[in-house]
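> I need the structure of the sequence given here:
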Amino acid sequence: DSRSWALLLSISIPHAGDWLNALPSPNDELHLLDSEFRLCLKYWLRIPHTSGTASCPFCTFPADPVGNHTLACGGNGDRTHRHNGLRDVFSAAQSAALSHRREAPSLTQDSVSPADVFLPSWSQGRPAVLDVTVTSPLQRLTLSNAASSQGSTLLKAEHRKRVLHHDDCTRAGISYVPMAVETLGGWSPIGHQGH
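Numbers count the residues shown, from 1 in each chain. Next comes the predicted model:
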């Protein structure tokens, strides 16, 4: 079925499973509770974590036993929380070596803020913005492509961000770096390279 193929292609993107090898670091708030780890692993392997179906309490859409809807639903704020958590990891990593700002507003004249992380001095002394986007290959709109073309969801998300912000940033003399990541752990080639 399409979901199984999309899952298989997505979890086989290089480094998609690196989270399984990461050492937990509770002091740095980089860890999962046992119950969270089990739930993530079940989702990654498509093992049902509930029996039957029910309606989502936030949007009343039918929820599924493996959690596809739960992960993609915008009704409970989890998508924004995941995005901001990822942004904060980049922000913390960059603060160790670089001057940076998180969610810098008004960097360009014509565009809404593209900067999840703003780096005043990046490659060749130019400023750069890192624009994080998290997407699911198992959502209805991307499933058929994700089942036949590895990383297609990442490339689509990266392209969508680039169309919105790249030209405005270039005109302002700012390097624009879209950082697309899938809910199953895969990164787009640009996001993986970080430049």
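> now do the same end-to-end measure for stretch 44-57.
End-to-end distance for stretch 44-57: 23 Å, by Cα to Cα, to the nearest Å.
> next one: that stretch to chain centre, how far?
22 Å (Cα atoms, centre = their mean, to the nearest Å).
> so which residues make contact with that stretch?
With Cβ atoms under 8 Å, 6 or more residues apart in numbering as the test, stretch 44-57 has contacts from 3-4, 7, 11, 17, 39, 41-43, 61-67, 69-70, 73, 75, 184-185. C-betas here are computed from N, CA, C, even on glycine.
> of those residues, just the buried ones, PyMOL syntax please.
Burial among the contacts of stretch 44-57 is assessed by 16 or more other Cβ atoms under 10 Å; the matching PyMOL selection reads:
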select buried, resi 3+7+11+39+42+43+63+64+66+67+69+70+73+184+185
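> biggest helix in the chain, by residue count?
helix 152-171 (DSSP state H).
> residues of that helix that come out buried?
For helix 152-171, a neighbour-count test (16+ other Cβ under 10 Å) marks 152-158, 161-162, 165-166, 168-169 as buried.
> which of these lies closest to residue 35?
Checking the buried residues of helix 152-171 against residue 35 with Cβ to Cβ, the nearest one is residue 153 at 27.4 Å.
> looks like that closest one contacts residue 182 (just checking).
Yes. With contacts counted by Cβ atoms under 8 Å, residue 153 reaches residue 182, the gap being 6.1 Å.
> same for the longest helix of the chain, what does it pack against?
strand 128-135, helix 143-148, strand 175-182, helix 189-193 (3 or more Cβ pairs under 8 Å, 6 or more residues apart in numbering; DSSP states H and E).
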